[in-house]
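Participant: pasting a predicted model and its sequence here:
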Amino acid sequence: MAPSLSEPFSDSSVLIDFVINQGNGVKGLSEIGLKALPKQYIQPLEERMCMTNVQAQESIPIIDMSNPDDPEVKKSICEAASKWGFFQIVNHDVPIEVLENVKDATYKFFGLAAEVKNKYSKEHSLSNNVRFGTSFTPQAEKALEWKDYLSLFYVSEEEAFALWPSVCREQVLDYMRKSEAVIKQLLKVLMKGLNVNEIDETKESLLMGSMRTNLNYYPKCPNPELTVGVGRHSDVSTLTILLQDEIGGLFVRGNDGDNWIHVPPIKGSLVINVGDALQIMSNGKYKSVEHRVVANGSNNRISVPIFVNPRPSDMIGPLPELIENVAEPFSDSSALIDFVINQGNGVKGLSEMGLKALPKQYIQPLEERMCMTNVQAHDSIPVIDMSNPEDPEVTKSICEAASKWGFFQIVNHDVPVEVLENVKDATYKFFALPAEVKNKYSKEHSSSNNVRFGTSFTPQTEKALEWKDYLSLFYVSEEEAFALWPSVCREQVLDYMKKSEVVIKQLLKVLMNGLNLHEIDETKELLLMGSMRTNLNYYPKCPNPELTVGVGRHSDVSTLTILLQDEIGGLFVRGNDSDNWIHVPPIKGSLVINVGDALQIISNGKYRSVEHRVVANGSKNRISVPIFVNPRPIDMIGPFPELIENGEKLIYKQVLYSDYVKHFFRKAHDGKKTVVFAEL
């Protein structure tokens, strides 16, 4: 049997040498007639393009620029930049022959011999402003992208004539020059949409002080379904002006966050998209949107984007005109409630507005703010290595931590790190969805009480709101989860819950043994872990973190809580002396475990639930993903009968768990007061 033509590249060093060092690029791979895609280009399943997720009937707006001063045209541009982040323009001022010339020049450059193109590679180019390359960042990527490019950063015509390849420089310069009028038209309209009516020299430099053009080449691919031309990303530009050829392959993330929209080639059109810089400068009014390029199995494809950027030396942030007195709209609580809760923007929406000051509704009473002088810098909750969970020293450490601290961290447990990373990524993806999509899961709109997007803790009862958004997912069955949970995160959350179940059972077995209960029958297992809920928590950066809280003082109502932190940190636990607080530092791959009120009650006080809180952060967004392991709502909870058979004094009465939980959620966070509900 003849060997596969991909076999020469089973060794990555051979592939890197051929593609990068020799300058052949993926064009070279395509042209040697590979029967199968080299393994280095096979993308993870979740990064491949699933065509069932393509919205066939939807398209980004197409705007006729023949009369750019028409109010309807201006309105369409601003609406497209706000809602879609992408649009196509036709009948603009860039002549067709200029576009055709730059496409021809692109093919001519990539038609050059490998050794000629290689003169412009990272290793051989005379300037960082001229770069021939392949993929995106090959040295950092787990799987390579099926693309070659020539990147040309514009400094001056003199430099372009001195350094750019002669086969394409005049055509690219002409394309950039002719596009400049269109770029200025668009930016003028978009600034007016922000009520910024004058673009002076300083603003023009900020908006379009530097430009870069890429010539992109996507050769035909032996297994296009296994790779990508360009992976999911948003541009870092102010605007991107993209010239497509007639082949097509650009897909844009749809407004529902789950599906993708193909951007069909239209002869003579230019595709315009908002970049991150404009999203930031517009204070989030205009949105940069994820997009990607698929590989093609039958045709070579090119595209030529112009990236319009601030200068590298520029500081970018919301334009000053947009943030003057930006907190004032929320002096009226009804306006804040409407924006944060009714419209589904959450505190994430407030954070992204660039508020100079915290709205008064989030300012906590002095006694509820975190005083850092009360933090025990040299104390920490136990960190327990679970690589041998049967070790008597490990089981002893778990029981002692649950009795003394109520909190501990576990490392080397059975939940794979990639499962934890996936659920963190999914959390960011959910909160990156448009407000109107997240709002479908709010109390007012969710099709089930088991799925709830919200903000703060109980806004209707709180004197001061908490700086947090969340998605709460109560697990009933896989069928319900697939029917009702957001698709952007459901599989990752289910995987996290499934993989955590082994650890939960290990811990409960150890903790029950510590109570001399050596058998967990079905009845006890249902009482200890008969229901589960996972929260995706999002704590956006805050203008005055010292004045508010992410989560106020409370203990959990669970049996156990299994918490995944990100690398930012911000969780504090009440110390044993009751006056001070202990920071729980993030440890990569660890899980934070804490005893909940239900286990304190069931253990008759041997294991203790402890007050904890989360601080707000002034510089970074933070996420956390707790799993709350609970009795079922129908269960009666109270001390296990075995604990009081020997005359141990009862501390707690039997209470219906659903009544206990309702009592917790009827009030604002108030430390450990909920447990009084079950005391004798």
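Facilitator: Right, received. Where do you want to start? Numbers count the residues shown, from 1 in each chain.

Participant: make it CA atoms for all contacts and neighbour counts henceforth
Facilitator: OK.

Participant: show me what contacts the residue nearest in space to the middle of the chain?
Facilitator: In the chain, the centroid-proximal residue (CA atoms, centre = their mean) is Tyr428; its distance is 2.6 Å. Applying CA atoms under 8 Å, 6 or more residues apart in numbering to Tyr428 gives the contacts Ile623.

Participant: now swap in the one 10 residues further on and tell me
Facilitator: Applying CA under 8 Å, 6+ apart, one finds that Lys438 lies in contact with Gly344, Phe430, Phe431, Phe453.

Participant: now it: how far from Gly454?
Facilitator: As judged by CA to CA, to the nearest Å, Lys438 and Gly454 stand 9 Å apart.

Participant: try Val54
Facilitator: 29 Å.

Participant: what about those two, which has more around it?
Facilitator: Gly454 (25 against 18; other CA atoms under 10 Å).

Participant: name the helices or strands packed onto whichever helix or strand that one is part of?
Facilitator: Per DSSP states H and E: Gly454 is located in strand 451-455. In terms of contacts (3 or more CA pairs under 8 Å, 6 or more residues apart in numbering; DSSP states H and E), strand 451-455 is packed against helix 346-352, strand 469-475.

Participant: mind listing what's buried in stretch 47-55?
Facilitator: Arg48, Met49, Val54 (16 or more other CA atoms under 10 Å).

Participant: that stretch: end-to-end distance?
Facilitator: 18 Å.

Participant: need the residues that contact stretch 121-138.
Facilitator: Contacts to stretch 121-138, defined as CA under 8 Å, 6+ apart, come from residues 19-20, 23, 25-26, 117-120, 144-154, 163-164, 230.

Participant: just checking, which of these belong to strands?
Facilitator: Asp148, Tyr149, Leu150, Ser151, Leu152, Phe153, Tyr154, Val230 (DSSP state E).

Participant: what residues are up against the closest residue to the last one other than its chain neighbours?
Facilitator: Pointing back at Val230 there. Sequence neighbours aside, Val293 is the residue nearest to Val230 in space, at 4.8 Å (criterion: CA to CA, 6 or more residues apart in numbering). Val293 sits next to Val228, Gly229, Val230, Gly231, Gly249, Leu250, Phe251 when contact means CA under 8 Å, 6+ apart.

Participant: and the contacts of Lys438, which two are the farthest apart?
Facilitator: Gly344 and Phe430 (12.8 Å; CA to CA).

Participant: follow-up on the earlier one: any chance of the buried residues of stretch 47-55 in JSON lines, plus secondary structure and pLDDT?
Facilitator: Output for the buried residues of stretch 47-55, formatted as JSON lines (DSSP: H, G, I helix; E, B strand; the rest coil; pLDDT from 0 to 100):
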{"residue": "Arg48", "secondary structure": "coil", "pLDDT": "89"}
{"residue": "Met49", "secondary structure": "coil", "pLDDT": "85"}
{"residue": "Val54", "secondary structure": "strand", "pLDDT": "76"}
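
Participant: of the residues you listed, closest to Ser555?
Facilitator: When the buried residues of stretch 47-55 are compared against Ser555 (criterion: CA to CA), the nearest one is Arg48, at 42.5 Å.

Participant: residue contacts, the closest one?
Facilitator: Glu225, Leu226, Thr227, Val228.

Participant: next: Leu656.
Facilitator: Counting by CA under 8 Å, 6+ apart, the residues that Leu656 touches are Pro633, Ile634, Asp635, Met636, Ile637.

Participant: need these in a markdown table (columns: neighbour count).
Facilitator: Formatted as a markdown table, the contacts of Leu656 follow (neighbours: other CA atoms under 10 Å):
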| residue | neighbour count |
| --- | --- |
| Pro633 | 17 |
| Ile634 | 12 |
| Asp635 | 17 |
| Met636 | 16 |
| Ile637 | 24 |
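
Participant: can you tell me which of the residues you listed lies nearest to Ser333?
Facilitator: Once CA to CA is applied, the member of the contacts of Leu656 that ends up nearest Ser333 is Pro633, at 34.6 Å.

Participant: returning to that earlier point: ok, Gly344 and Phe430, which is more surrounded?
Facilitator: More neighbours surround Gly344 than the other of Gly344 and Phe430, with 25 against 22 (other CA under 10 Å).

Participant: tell me the SS of the more buried one?
Facilitator: coil (DSSP: H, G, I helix; E, B strand; the rest coil).

Participant: and the pLDDT at it?
Facilitator: Note on Gly344: pLDDT of 93.

Participant: tell me who's in contact with it.
Facilitator: Ala435, Glu436, Lys438, Asn439, Ser442.
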